[in-house]
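Q: Please work out how this folds:
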Amino acid sequence: MKREKVLLVLIDFENFKKIKLKHSIYYDHRKEHIEELKNLAVSAGANVEEAIYFKQIKPNTKYFINTGKLEQIKNIVDENDLELVIFDDEITPTQQRNLQTKLNIKVLDRTALILDIFAQRAHSSEGKLQVELAQLNYILPRLTGRGIELSRLGGGIGTRGPGETKLEVDRRKIRNRISMLKKKIDRIGIQRDTQRKQREAREIFQIALVGYTNSGKTTLLNSTTDADAYVEDRLFSTLDSTIRKINIFSNSEVLISDTVGFIEKLPHQLIASFKSTLEEVRRSDLLLLIVDISNPYYENNIYSVRKVLKEIGVWNKPVILVFNKIDKVSNTYIEKLKIKYKNAVFISALKKKGISELYSRIKKFTEKHYINIAVRIPYDESRLISFIYNNCQVLHRKDLEDSTVLNLNVSSRYSSVLTKYLYRGSDSSKANIS
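A: Below is the predicted model of the structure:
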(Lines give C-alpha, C1' and ligand atoms only; values in the text may rest on other atoms or scores of the structure.)
Protein backbone atom coordinates (compact mmCIF):
# COMPACT_ATOMS: atom_id res chain seq x y z
CA MET A 1 0.00 0.00 0.00
CA LYS A 2 1.30 3.44 -0.93
CA ARG A 3 2.25 5.49 2.11
CA GLU A 4 0.91 9.04 2.13
CA LYS A 5 3.38 11.92 2.32
CA VAL A 6 2.51 13.80 5.48
CA LEU A 7 3.30 17.07 7.24
CA LEU A 8 2.79 17.13 11.03
CA VAL A 9 1.80 20.39 12.72
CA LEU A 10 2.17 20.84 16.47
CA ILE A 11 1.14 24.07 18.18
CA ASP A 12 2.30 25.00 21.66
CA PHE A 13 -0.46 27.00 23.32
CA GLU A 14 0.33 28.89 26.51
CA ASN A 15 -2.28 27.05 28.57
CA PHE A 16 -0.71 23.60 28.13
CA LYS A 17 2.87 24.43 27.16
CA LYS A 18 4.27 22.92 30.34
CA ILE A 19 2.93 20.41 32.82
CA LYS A 20 3.89 20.40 36.49
CA LEU A 21 5.34 17.08 37.53
CA LYS A 22 6.54 15.74 40.89
CA HIS A 23 8.97 17.78 42.97
CA SER A 24 7.98 20.99 41.09
CA ILE A 25 9.87 19.92 37.96
CA TYR A 26 8.65 21.58 34.77
CA TYR A 27 9.23 19.69 31.57
CA ASP A 28 9.13 21.02 28.00
CA HIS A 29 7.06 18.56 25.96
CA ARG A 30 8.16 19.68 22.51
CA LYS A 31 10.42 16.77 21.60
CA GLU A 32 8.09 14.23 23.19
CA HIS A 33 5.01 15.54 21.37
CA ILE A 34 6.77 15.49 18.01
CA GLU A 35 8.11 11.97 18.53
CA GLU A 36 4.76 10.61 19.64
CA LEU A 37 2.84 12.19 16.76
CA LYS A 38 5.42 10.80 14.33
CA ASN A 39 4.96 7.32 15.80
CA LEU A 40 1.18 7.63 15.51
CA ALA A 41 1.39 8.76 11.88
CA VAL A 42 3.80 5.96 10.94
CA SER A 43 1.55 3.44 12.74
CA ALA A 44 -1.34 4.65 10.57
CA GLY A 45 0.68 4.12 7.39
CA ALA A 46 2.09 7.59 6.73
CA ASN A 47 5.48 8.67 5.44
CA VAL A 48 6.33 11.70 7.59
CA GLU A 49 8.13 14.24 5.39
CA GLU A 50 8.36 17.01 7.95
CA ALA A 51 7.13 18.07 11.39
CA ILE A 52 6.81 21.72 12.36
CA TYR A 53 6.27 23.18 15.83
CA PHE A 54 4.76 26.63 16.45
CA LYS A 55 4.00 28.71 19.51
CA GLN A 56 0.65 30.44 19.58
CA ILE A 57 -1.33 32.14 22.34
CA LYS A 58 -4.75 30.75 21.34
CA PRO A 59 -6.38 28.92 18.39
CA ASN A 60 -7.33 30.95 15.33
CA THR A 61 -11.11 30.81 14.98
CA LYS A 62 -11.09 30.25 11.21
CA TYR A 63 -7.99 28.14 10.62
CA PHE A 64 -6.91 26.99 14.13
CA ILE A 65 -3.40 28.20 13.20
CA ASN A 66 -2.51 31.85 12.55
CA THR A 67 -2.68 32.97 8.92
CA GLY A 68 1.05 33.75 8.71
CA LYS A 69 1.95 30.22 9.76
CA LEU A 70 -0.72 28.87 7.44
CA GLU A 71 1.07 30.44 4.46
CA GLN A 72 4.27 28.75 5.63
CA ILE A 73 2.45 25.41 5.73
CA LYS A 74 1.00 26.06 2.27
CA ASN A 75 4.50 26.59 0.87
CA ILE A 76 5.80 23.38 2.47
CA VAL A 77 2.83 21.42 1.09
CA ASP A 78 3.29 22.75 -2.45
CA GLU A 79 7.09 22.42 -2.52
CA ASN A 80 7.06 18.82 -1.29
CA ASP A 81 3.92 17.66 -3.10
CA LEU A 82 2.40 16.51 0.21
CA GLU A 83 -0.89 14.62 0.43
CA LEU A 84 -1.94 15.12 4.04
CA VAL A 85 -1.51 17.53 6.95
CA ILE A 86 -2.10 16.25 10.50
CA PHE A 87 -2.60 18.56 13.49
CA ASP A 88 -1.67 17.35 16.97
CA ASP A 89 -4.85 18.77 18.48
CA GLU A 90 -8.53 18.39 17.72
CA ILE A 91 -9.76 20.96 15.23
CA THR A 92 -13.38 21.94 14.61
CA PRO A 93 -15.26 20.80 11.51
CA THR A 94 -15.29 24.41 10.21
CA GLN A 95 -11.55 24.80 10.74
CA GLN A 96 -10.96 21.49 8.97
CA ARG A 97 -13.01 22.56 5.94
CA ASN A 98 -11.30 25.95 5.79
CA LEU A 99 -7.84 24.38 5.99
CA GLN A 100 -8.64 21.88 3.23
CA THR A 101 -9.94 24.65 1.00
CA LYS A 102 -6.82 26.73 1.62
CA LEU A 103 -4.29 23.91 1.28
CA ASN A 104 -6.24 21.87 -1.28
CA ILE A 105 -5.26 18.59 0.39
CA LYS A 106 -6.68 16.42 3.13
CA VAL A 107 -6.37 17.76 6.71
CA LEU A 108 -6.85 15.63 9.81
CA ASP A 109 -6.38 16.09 13.52
CA ARG A 110 -4.96 13.85 16.26
CA THR A 111 -8.38 12.38 17.03
CA ALA A 112 -8.98 11.25 13.44
CA LEU A 113 -5.46 9.79 13.32
CA ILE A 114 -5.94 7.70 16.46
CA LEU A 115 -9.37 6.56 15.31
CA ASP A 116 -7.81 5.44 12.03
CA ILE A 117 -5.18 3.39 13.89
CA PHE A 118 -7.89 1.79 16.01
CA ALA A 119 -9.83 0.94 12.84
CA GLN A 120 -6.78 -0.96 11.57
CA ARG A 121 -6.08 -2.72 14.87
CA ALA A 122 -9.59 -3.86 15.84
CA HIS A 123 -10.05 -7.60 15.23
CA SER A 124 -12.87 -8.79 17.46
CA SER A 125 -16.48 -8.05 16.53
CA GLU A 126 -16.87 -5.95 19.68
CA GLY A 127 -13.71 -3.97 18.95
CA LYS A 128 -14.85 -3.23 15.41
CA LEU A 129 -18.24 -2.07 16.64
CA GLN A 130 -16.66 0.19 19.25
CA VAL A 131 -14.25 1.77 16.78
CA GLU A 132 -16.96 2.29 14.18
CA LEU A 133 -19.16 4.00 16.78
CA ALA A 134 -16.33 6.32 17.75
CA GLN A 135 -15.60 7.16 14.11
CA LEU A 136 -19.22 7.90 13.27
CA ASN A 137 -19.57 10.16 16.30
CA TYR A 138 -16.50 12.00 15.05
CA ILE A 139 -17.72 12.15 11.44
CA LEU A 140 -21.30 13.27 12.15
CA PRO A 141 -20.59 16.95 12.91
CA ARG A 142 -18.22 17.08 9.94
CA LEU A 143 -20.88 16.30 7.35
CA THR A 144 -21.64 19.07 4.86
CA GLY A 145 -24.79 18.68 2.82
CA ARG A 146 -24.96 15.16 1.38
CA GLY A 147 -21.32 14.25 1.88
CA ILE A 148 -17.97 15.03 3.42
CA GLU A 149 -15.49 17.29 1.69
CA LEU A 150 -12.84 14.63 2.21
CA SER A 151 -14.62 12.55 -0.42
CA ARG A 152 -12.98 14.60 -3.19
CA LEU A 153 -9.55 14.09 -1.66
CA GLY A 154 -9.27 10.33 -2.15
CA GLY A 155 -8.68 7.50 0.33
CA GLY A 156 -5.91 6.83 2.82
CA ILE A 157 -5.54 7.75 6.50
CA GLY A 158 -8.76 8.95 8.08
CA THR A 159 -11.03 7.49 5.40
CA ARG A 160 -11.22 3.84 6.42
CA GLY A 161 -13.31 2.18 9.05
CA PRO A 162 -17.11 2.09 8.91
CA GLY A 163 -17.45 0.75 5.36
CA GLU A 164 -16.49 2.07 1.94
CA THR A 165 -19.67 4.08 1.43
CA LYS A 166 -19.50 6.06 4.67
CA LEU A 167 -18.45 9.26 2.89
CA GLU A 168 -21.73 9.38 0.94
CA VAL A 169 -24.22 8.67 3.69
CA ASP A 170 -26.25 11.51 5.15
CA ARG A 171 -26.79 12.52 8.76
CA ARG A 172 -29.97 10.46 9.12
CA LYS A 173 -28.30 7.25 7.98
CA ILE A 174 -25.30 7.87 10.23
CA ARG A 175 -27.55 8.54 13.23
CA ASN A 176 -29.46 5.33 12.51
CA ARG A 177 -26.18 3.44 12.25
CA ILE A 178 -24.97 4.96 15.53
CA SER A 179 -28.21 3.92 17.22
CA MET A 180 -27.85 0.36 15.92
CA LEU A 181 -24.19 0.15 16.99
CA LYS A 182 -25.06 1.35 20.49
CA LYS A 183 -27.71 -1.37 20.78
CA LYS A 184 -25.26 -4.06 19.65
CA ILE A 185 -22.57 -2.83 22.02
CA ASP A 186 -25.12 -2.64 24.85
CA ARG A 187 -26.07 -6.28 24.21
CA ILE A 188 -22.42 -7.28 24.38
CA GLY A 189 -22.11 -5.14 27.50
CA ILE A 190 -24.98 -7.05 29.11
CA GLN A 191 -23.21 -10.34 28.35
CA ARG A 192 -19.97 -8.94 29.84
CA ASP A 193 -21.89 -7.71 32.87
CA THR A 194 -23.41 -11.15 33.39
CA GLN A 195 -19.95 -12.71 33.27
CA ARG A 196 -18.63 -10.09 35.71
CA LYS A 197 -21.50 -10.73 38.13
CA GLN A 198 -20.77 -14.46 38.00
CA ARG A 199 -17.12 -13.77 38.83
CA GLU A 200 -18.12 -11.38 41.60
CA ALA A 201 -20.57 -13.94 43.00
CA ARG A 202 -17.68 -16.39 43.19
CA GLU A 203 -15.61 -13.59 44.78
CA ILE A 204 -12.76 -14.02 42.35
CA PHE A 205 -9.96 -11.52 42.86
CA GLN A 206 -9.51 -9.45 39.68
CA ILE A 207 -6.43 -7.59 38.46
CA ALA A 208 -6.39 -5.12 35.56
CA LEU A 209 -3.30 -4.18 33.57
CA VAL A 210 -3.28 -0.49 32.69
CA GLY A 211 -0.63 1.72 31.17
CA TYR A 212 0.52 3.85 28.28
CA THR A 213 0.35 2.22 24.87
CA ASN A 214 3.33 -0.02 24.06
CA SER A 215 4.41 -0.28 27.71
CA GLY A 216 4.38 -4.10 27.62
CA LYS A 217 1.03 -4.99 29.19
CA THR A 218 0.24 -7.81 26.76
CA THR A 219 3.75 -9.23 27.06
CA LEU A 220 3.27 -9.36 30.84
CA LEU A 221 -0.09 -11.07 30.39
CA ASN A 222 1.56 -13.72 28.22
CA SER A 223 4.45 -14.15 30.66
CA THR A 224 2.25 -14.69 33.71
CA THR A 225 -0.55 -16.80 32.19
CA ASP A 226 -1.17 -19.30 29.41
CA ALA A 227 -2.28 -16.46 27.11
CA ASP A 228 -0.92 -16.19 23.61
CA ALA A 229 -2.12 -12.66 22.89
CA TYR A 230 -0.72 -10.81 19.89
CA VAL A 231 2.32 -8.66 20.69
CA GLU A 232 4.15 -6.19 18.48
CA ASP A 233 6.45 -3.25 19.19
CA ARG A 234 4.08 -0.54 17.96
CA LEU A 235 1.39 1.77 19.31
CA PHE A 236 -1.99 0.15 20.01
CA SER A 237 -0.90 -3.27 18.77
CA THR A 238 -3.89 -4.81 20.57
CA LEU A 239 -7.28 -3.34 21.41
CA ASP A 240 -9.38 -6.27 22.58
CA SER A 241 -9.68 -7.05 26.27
CA THR A 242 -8.21 -10.43 27.29
CA ILE A 243 -8.90 -12.14 30.63
CA ARG A 244 -6.85 -15.05 31.95
CA LYS A 245 -6.29 -16.91 35.22
CA ILE A 246 -2.98 -16.15 36.89
CA ASN A 247 -1.40 -18.71 39.19
CA ILE A 248 -0.21 -16.58 42.08
CA PHE A 249 -0.54 -19.55 44.42
CA SER A 250 -2.19 -22.93 44.23
CA ASN A 251 -5.95 -23.39 44.56
CA SER A 252 -6.71 -19.70 44.30
CA GLU A 253 -8.77 -17.96 41.65
CA VAL A 254 -7.12 -14.75 40.51
CA LEU A 255 -7.96 -13.24 37.12
CA ILE A 256 -5.87 -10.72 35.22
CA SER A 257 -7.17 -8.64 32.31
CA ASP A 258 -5.31 -6.75 29.62
CA THR A 259 -6.88 -3.48 28.47
CA VAL A 260 -6.46 -1.00 25.65
CA GLY A 261 -3.37 1.17 26.03
CA PHE A 262 -3.79 4.79 27.01
CA ILE A 263 -2.21 7.82 25.38
CA GLU A 264 -2.10 11.54 26.03
CA LYS A 265 -5.22 13.33 24.78
CA LEU A 266 -7.04 10.03 24.21
CA PRO A 267 -10.14 10.94 22.13
CA HIS A 268 -13.26 11.18 24.24
CA GLN A 269 -15.16 9.29 21.51
CA LEU A 270 -12.96 6.26 22.20
CA ILE A 271 -13.39 6.44 25.96
CA ALA A 272 -17.16 6.50 25.46
CA SER A 273 -17.17 3.72 22.85
CA PHE A 274 -14.86 1.45 24.85
CA LYS A 275 -16.96 1.85 27.97
CA SER A 276 -17.74 -1.87 28.26
CA THR A 277 -14.09 -2.81 27.79
CA LEU A 278 -12.94 -0.24 30.35
CA GLU A 279 -15.55 -1.64 32.73
CA GLU A 280 -13.04 -4.44 33.41
CA VAL A 281 -10.82 -1.77 34.96
CA ARG A 282 -13.68 -0.35 37.02
CA ARG A 283 -14.62 -3.76 38.45
CA SER A 284 -11.06 -4.83 39.26
CA ASP A 285 -9.74 -5.20 42.82
CA LEU A 286 -6.17 -4.17 41.94
CA LEU A 287 -4.52 -2.19 39.13
CA LEU A 288 -1.03 -2.89 37.81
CA LEU A 289 0.17 0.35 36.20
CA ILE A 290 2.78 -0.79 33.67
CA VAL A 291 5.45 1.76 32.77
CA ASP A 292 8.11 1.49 30.05
CA ILE A 293 11.26 2.30 32.02
CA SER A 294 13.24 2.77 28.79
CA ASN A 295 10.96 5.59 27.64
CA PRO A 296 12.64 8.91 28.51
CA TYR A 297 9.19 10.44 28.93
CA TYR A 298 7.94 7.77 31.33
CA GLU A 299 6.97 10.30 34.01
CA ASN A 300 4.59 12.12 31.71
CA ASN A 301 3.21 8.74 30.56
CA ILE A 302 2.33 7.98 34.19
CA TYR A 303 0.65 11.39 34.41
CA SER A 304 -1.41 10.70 31.26
CA VAL A 305 -2.54 7.26 32.50
CA ARG A 306 -3.53 8.68 35.88
CA LYS A 307 -5.52 11.37 34.09
CA VAL A 308 -7.53 8.78 32.11
CA LEU A 309 -8.04 6.60 35.19
CA LYS A 310 -9.39 9.61 37.07
CA GLU A 311 -11.66 10.38 34.11
CA ILE A 312 -13.23 6.92 34.25
CA GLY A 313 -13.39 7.07 38.07
CA VAL A 314 -10.99 4.30 39.13
CA TRP A 315 -7.89 6.07 40.48
CA ASN A 316 -9.03 5.37 44.05
CA LYS A 317 -8.33 1.65 43.58
CA PRO A 318 -5.18 -0.01 44.93
CA VAL A 319 -2.34 0.42 42.42
CA ILE A 320 1.04 -1.27 42.06
CA LEU A 321 3.46 0.74 39.93
CA VAL A 322 5.36 -1.71 37.71
CA PHE A 323 8.40 -0.52 35.75
CA ASN A 324 8.82 -2.85 32.76
CA LYS A 325 11.65 -3.43 30.22
CA ILE A 326 14.49 -3.27 32.76
CA ASP A 327 16.54 -5.31 30.28
CA LYS A 328 16.77 -2.16 28.14
CA VAL A 329 18.38 0.14 30.74
CA SER A 330 21.44 0.09 32.99
CA ASN A 331 21.47 -1.18 36.57
CA THR A 332 22.60 2.26 37.74
CA TYR A 333 19.50 3.84 36.21
CA ILE A 334 17.28 1.20 37.83
CA GLU A 335 18.82 1.82 41.26
CA LYS A 336 18.15 5.55 40.96
CA LEU A 337 14.50 4.91 40.17
CA LYS A 338 14.21 2.44 43.06
CA ILE A 339 15.18 5.26 45.39
CA LYS A 340 12.65 7.60 43.79
CA TYR A 341 9.83 5.02 43.58
CA LYS A 342 10.31 2.97 46.74
CA ASN A 343 7.04 1.01 46.41
CA ALA A 344 7.40 0.17 42.72
CA VAL A 345 8.25 -3.23 41.24
CA PHE A 346 10.88 -3.53 38.50
CA ILE A 347 10.52 -6.29 35.91
CA SER A 348 11.23 -7.43 32.39
CA ALA A 349 8.07 -9.13 31.13
CA LEU A 350 9.91 -10.29 27.99
CA LYS A 351 12.84 -11.84 29.91
CA LYS A 352 10.60 -12.86 32.85
CA LYS A 353 12.80 -11.04 35.34
CA GLY A 354 11.34 -9.74 38.62
CA ILE A 355 8.10 -11.70 38.15
CA SER A 356 8.48 -13.47 41.51
CA GLU A 357 8.72 -10.10 43.29
CA LEU A 358 5.62 -8.94 41.45
CA TYR A 359 3.79 -12.10 42.53
CA SER A 360 4.84 -11.46 46.12
CA ARG A 361 3.40 -7.95 46.03
CA ILE A 362 0.16 -9.18 44.44
CA LYS A 363 -0.18 -11.90 47.10
CA LYS A 364 -0.25 -9.25 49.83
CA PHE A 365 -3.34 -7.77 48.21
CA THR A 366 -5.04 -11.08 47.41
CA GLU A 367 -4.56 -12.38 50.94
CA LYS A 368 -6.75 -9.52 52.20
CA HIS A 369 -9.45 -10.93 49.93
CA TYR A 370 -9.43 -14.27 51.77
CA ILE A 371 -10.33 -15.39 55.29
CA ASN A 372 -7.97 -17.62 57.26
CA ILE A 373 -9.79 -20.49 58.99
CA ALA A 374 -9.10 -23.97 60.32
CA VAL A 375 -11.53 -26.82 59.61
CA ARG A 376 -11.82 -30.40 60.79
CA ILE A 377 -13.16 -32.77 58.12
CA PRO A 378 -14.18 -36.36 59.01
CA TYR A 379 -12.60 -39.02 56.80
CA ASP A 380 -16.02 -40.22 55.64
CA GLU A 381 -16.54 -36.85 53.92
CA SER A 382 -13.81 -37.24 51.32
CA ARG A 383 -15.81 -35.26 48.75
CA LEU A 384 -15.52 -32.20 50.96
CA ILE A 385 -11.74 -32.64 51.08
CA SER A 386 -11.71 -32.67 47.29
CA PHE A 387 -13.90 -29.54 47.23
CA ILE A 388 -11.50 -27.73 49.57
CA TYR A 389 -8.44 -28.56 47.50
CA ASN A 390 -10.21 -27.37 44.35
CA ASN A 391 -11.53 -24.10 45.76
CA CYS A 392 -9.36 -23.05 48.71
CA GLN A 393 -5.73 -22.39 49.42
CA VAL A 394 -4.54 -25.12 51.79
CA LEU A 395 -1.79 -23.72 54.01
CA HIS A 396 -1.29 -26.63 56.39
CA ARG A 397 -2.69 -30.11 56.95
CA LYS A 398 -2.66 -32.53 59.86
CA ASP A 399 -4.19 -36.00 59.72
CA LEU A 400 -5.78 -37.24 62.96
CA GLU A 401 -7.26 -40.65 63.79
CA ASP A 402 -10.76 -39.90 62.56
CA SER A 403 -10.39 -36.66 60.62
CA THR A 404 -8.16 -34.16 58.85
CA VAL A 405 -7.46 -30.66 60.17
CA LEU A 406 -6.77 -28.07 57.49
CA ASN A 407 -5.67 -24.47 57.78
CA LEU A 408 -7.11 -22.56 54.82
CA ASN A 409 -7.28 -19.26 53.04
CA VAL A 410 -10.81 -19.18 51.69
CA SER A 411 -13.16 -16.61 50.15
CA SER A 412 -16.10 -15.56 52.31
CA ARG A 413 -18.43 -17.36 49.90
CA TYR A 414 -16.85 -20.73 50.56
CA SER A 415 -16.20 -20.04 54.24
CA SER A 416 -19.97 -20.09 54.82
CA VAL A 417 -20.09 -23.61 53.33
CA LEU A 418 -17.45 -24.73 55.83
CA THR A 419 -18.90 -23.00 58.89
CA LYS A 420 -20.06 -26.18 60.64
CA TYR A 421 -16.59 -27.70 60.23
CA LEU A 422 -14.70 -24.85 61.90
CA TYR A 423 -12.02 -26.19 64.19
CA ARG A 424 -11.10 -24.30 67.35
CA GLY A 425 -8.98 -26.94 69.02
CA SER A 426 -5.65 -26.21 70.67
CA ASP A 427 -3.86 -27.41 67.56
CA SER A 428 -5.79 -25.24 65.07
CA SER A 429 -2.99 -22.76 64.59
CA LYS A 430 -0.63 -22.99 61.68
CA ALA A 431 2.22 -23.91 63.96
CA ASN A 432 0.43 -26.82 65.59
CA ILE A 433 -1.28 -28.43 62.62
CA SER A 434 1.73 -28.33 60.35
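Q: Show me the shaky parts of this structure.
A: By pLDDT under 70, the low-scoring segments of the chain are 1, 14-29, 144-169, 196-203, 227-241, 249-252, 272-277, 412-413, 425-434.
Q: And it, what are its domain boundaries?
A: Domain ranges of the chain: 4-153, 203-367, 371-433, per automatic domain parsing.
Q: Which one of these lies nearest to residue 183?
A: Closest to residue 183 of those, according to CB to CB: domain 4-153, at 10.1 Å. All C-beta spots, glycine's among them, are computed from the backbone N, C-alpha and C.
Q: Report the distance from the closest one to the chain centre.
A: Distance of domain 4-153 from its chain centroid, counting by CA atoms, centre = their mean, to the nearest Å, is 22 Å.
Q: going forward, begin numbering at 31 instead of 1
A: Sure, I'll start counting at 31 from here, so that last one is domain 34-183.
Q: For residue 120, give me its contacts.
A: The neighbours of residue 120, taking CB atoms under 8 Å, 6 or more residues apart in numbering as the test, are 139, 140, 141, 295, 297.
Q: Go ahead and confirm the second one touches residue 294.
A: What that stands for is residue 140. No: counting by CB atoms under 8 Å, residue 140 sits too far from residue 294 to count as a contact (9.3 Å).
Q: can you give me the helices in the stretch 181-330 of the chain?
A: 201-231, 247-254, 298-303, 305-312, 328-341 (DSSP state H, counting those that start in this stretch).
Q: okay if I get those helices as TSV plus distance to residue 416 and mean neighbour count?
A: Output for the helices of the stretch 181-330 of the chain, formatted as TSV (distance: least, CB to CB, whole Å; neighbours: other CB atoms under 10 Å):
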stretch	distance to residue 416	mean neighbour count
helix 201-231	22	13
helix 247-254	27	23
helix 298-303	45	19
helix 305-312	32	19
helix 328-341	41	18
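Q: one step back: using TSV, lay out the domains of the chain together with distance to residue 217.
A: Below are the domains of the chain laid out as TSV (distance: least, CB to CB, whole Å):
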stretch	distance to residue 217
domain 34-183	10
domain 233-397	10
domain 401-463	29
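Q: and the angle from the helix or strand hosting residue 367 to helix 328-341?
A: Following DSSP states H and E, one finds residue 367 within helix 361-370. Helix 361-370 and helix 328-341 are oriented at 40 degrees to each other (axes from the mean of the first three to the mean of the last three CA atoms, to 10 degrees).
Q: Report the distance from helix 361-370 to the chain centre.
A: Centroid separation for helix 361-370 versus its chain: 26 Å, with CA atoms, centre = their mean.
Q: Would you mark the buried spots in it?
A: residue 367 (16 or more other CB atoms under 10 Å).
Q: for the next helix or strand after that helix, packing partners?
A: Downstream of helix 361-370, the next assigned helix or strand under DSSP H and E is strand 375-376. Using 3 or more CB pairs under 8 Å, 6 or more residues apart in numbering; DSSP states H and E, the elements in contact with strand 375-376 are strand 349-354, helix 361-370, helix 385-397.
Q: Show me what strand 375-376 pairs with in its sheet, parallel or antiparallel.
A: Counting by DSSP bridges, the strands paired with strand 375-376 are strand 349-354 (parallel).
Q: got a list of contacts for the strand it pairs with?
A: Contacts of strand 349-354 (CB under 8 Å, 6+ apart): 245-246, 249-250, 316-323, 328, 332, 364, 367, 371, 373-379, 388, 391-392, 395.
Q: Let me know the angle separating that strand from helix 247-254.
A: Calculated by the same axes, to 10 degrees, strand 349-354 forms an angle of 90 degrees with helix 247-254.
Q: looking at this, residue 157 is in a helix?
A: Yes: read with DSSP: H, G, I helix; E, B strand; the rest coil, residue 157 is one of the residues of a helix.
Q: Can you get me a residue count around it?
A: 21 (other CB atoms under 10 Å).
Q: swap in residue 360?
A: Here the number of neighbours of residue 360 (other CB under 10 Å) works out to 9.
Q: That one: what's it in contact with?
A: Counting by CB under 8 Å, 6+ apart, residue 360 touches no other residue.
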